[in-house]
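> Take this sequence and fold it.
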Amino acid sequence: MNPLTTIRREARALWSDGRGPSLGTIAGTWGLLLGVRMIYPVLLPILREDFGLSLSVAGLLVTILWLGSALGQLPSGMLADRFSERSVIAVGTLVAAVGVSAVVIAPTAAVLFGATALVGLGQSLYPIARITILTDLYPDRIGSALGVTMATGDLGQTIFPPLAGAVAAAVAWQAGLGMMVPGLLLGGVALVVVLPGETGSTGPGDDSASSSLREVFRDLREGDILFFAFILFLYILVWQSFTSFYPTYLTEQKPLSETTAGLLFSLFFAVGVVVKPLAGAAYDRIGPRWSLVAVLSGPVIGLALLPVVDSLAGIVVITALVSTMLGSGAITQSFLSEAFSEEARGTGLGIVRTTAATLGAAGPVLFGMIADRGFFDEGYFLLAGLMAVIVVLTFRFFDA
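Numbers count the residues shown, from 1 in each chain. As a prediction, the model looks like this:
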């Protein structure tokens, strides 16, 4: 099947019935939020110099960002089940804008860390409510809808990090990050204006919180979701470790300039713009097992080869191979969304994603500690091994 034909057909279906503006607004704002998140790795070498951070402490800064992005997902899911998803994601976007503003004016490392936590907290209010509202809008095409949304996120991660790096080099790192604030403010307003106030979520007068939690625990027991959550944790651990230090690794361990490293980092997410919609469509058609294995096999090879390849052409190929892992999000989130009952979907997703993402947030600081001890290359061999374990566990889970 021609991938372009598939994308065009899915795009027409997703835009139908007046749902296109809602999808576009959700996806566009998500692209801004992820763009902010991935500006951090590009600016990390400059932040290390300005604030006197070691690799371990720089890893801790990224861990704080990811930890903040994880902790708010459970309350976000519970709020999405009880109230308007529109309000939850709009507030999260505005909180992230306040956090970015505080980072830009941070006078000390302590303030930098605290403001970064606020950025992460704002971002954490977005993912679960985004999934639940899209599940209600696209009950028969959730894989494709999430794939498009996540591809737009990758588009933001492709465009904004190198742009921020260029602005930082020409002006200051504060300008490179601060340029995102107006877009976030505009996105928060657009979400309120465009999105429907009510979807299929439970209203505040429906089931009680205790009833919702009973539904969640029943779903966890019946669907063997805890095992899948463990697979998700390992994936997040690998993904966050890789993305947090990839530009730094390329500049310190490979014969590449900061500009080239930033462009390769953008290439990583650019491939995801194509991979994610295709992965979401594959989930809708062939199911999670083979679609997930397909997008996770390339990273095993790429991560294993990265330490031994120094040529620019080789690193370009490796970057593209590793980037196929980005397609897993459209598959895993679609699977989890459908694994929970409608009454407990937001809360269930919040529990699973908060737990997996909180534990996975340890990846950057642990990887930084490994790199600080002179084992930068060995760290990527370790990530390749973990990714191979994920592939094996995926076979086992969907074969059970």
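> Would you mind identifying the helix or strand in the protein with the lowest mean pLDDT?
helix 209-222 (a mean of 62; mean pLDDT, DSSP states H and E).
> Next secondary structure after that helix?
Under the assignment DSSP states H and E, the closest C-terminal helix or strand after helix 209-222 is helix 225-253.
> can you count the residues close to E49?
Using other Cβ atoms under 10 Å, E49 has 10 other residues around it. Where you see a C-beta, it was placed from the backbone N, CA and C, and this is true even at glycine.
> Please, which helix or strand holds it?
Per DSSP H and E: helix 20-51 holds E49.
> any low-confidence regions in the chain?
1-7, 81, 197-223, 330, 337-338, 341-346, 398-400 (pLDDT under 70).
> Contacts for stretch 160-175 next, please.
Contacts with stretch 160-175, where a contact means Cβ atoms under 8 Å, 6 or more residues apart in numbering, come from 32, 35-36, 38-39, 41-43, 46-47, 50, 104-105, 176-177, 179-180, 258-259, 262-263, 265-266, 269.
> can we see that at 10 Å?
For stretch 160-175, contacts defined as Cβ atoms under 10 Å, 6 or more residues apart in numbering pick out 31-32, 34-43, 45-47, 49-50, 103-106, 176-180, 183, 247, 258-259, 261-269.
> Spit out the contact partners of the nearest residue to S101 once chain neighbours are set aside.
Once flanking residues are discounted, S101 sits nearest to V181: 5.6 Å by Cβ to Cβ, 6 or more residues apart in numbering. Residues near V181 by Cβ under 10 Å, 6+ apart: L32, V36, A96, A97, V98, G99, V100, S101, V104.
> ok so, going back, helix or strand right after the helix holding E49?
Using DSSP H and E, the helix or strand that follows helix 20-51 in sequence is helix 55-71.
> Just want the angle from that following helix to helix 20-51.
150 degrees (axes from the mean of the first three to the mean of the last three Cα atoms, to 10 degrees).
> Could you pull out the buried residues of helix 55-71?
By 16 or more other Cβ atoms under 10 Å, the buried positions in helix 55-71 come out as 55-71.
> What segments of the stretch 251-400 of the chain are helices?
Per DSSP state H, counting those that start in this stretch, the stretch 251-400 of the chain carries helices over the ranges 258-286, 288-305, 312-323, 328-339, 345-360, 362-372, 376-399.
> Of those helices, which is nearest L79?
For L79, the closest of these is helix 345-360, at 7.6 Å, according to Cβ to Cβ.
> Which elements pack onto the closest one?
If you count contacts as 3 or more Cβ pairs under 10 Å, 6 or more residues apart in numbering; DSSP states H and E, helix 345-360 packs onto helix 55-71, helix 73-82, helix 109-124, helix 127-137, helix 209-222, helix 225-253, helix 328-339.
> As JSON lines, those with distance to Q157 would be great.
What follows is the helices and strands packed on helix 345-360, written out as JSON lines (distance: least, Cβ to Cβ, whole Å):
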{"stretch": "helix 55-71", "distance to Q157": "14"}
{"stretch": "helix 73-82", "distance to Q157": "19"}
{"stretch": "helix 109-124", "distance to Q157": "13"}
{"stretch": "helix 127-137", "distance to Q157": "15"}
{"stretch": "helix 209-222", "distance to Q157": "31"}
{"stretch": "helix 225-253", "distance to Q157": "9"}
{"stretch": "helix 328-339", "distance to Q157": "12"}
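> quick one on the thing from earlier: closest one of the contacts of V181 to V148?
L32 (15.7 Å).
> burial count for the closest one?
Neighbours of L32 under the rule other Cβ under 10 Å: 25.
> Spatially nearest residue to it (excluding sequence neighbours)?
Going by Cβ to Cβ, 6+ apart, L32 has G183 as its nearest residue, at 4.9 Å.
> Can you point out the buried residues in whichever strand or helix holds that neighbour?
Assigned by DSSP H and E, G183 falls within helix 181-194. For helix 181-194, burial by neighbour count (16+ other Cβ under 10 Å) applies to V181, G183, L184, L185, G187, G188, A190, L191, V192, V194.
> Just want the angle from it to helix 109-124.
Angle of helix 181-194 versus helix 109-124, following the same axes, to 10 degrees, is 20 degrees.
> From the chain's centroid, how far away is helix 181-194?
Distance of helix 181-194 from the chain centroid (Cα atoms, centre = their mean, to the nearest Å) equals 20 Å.
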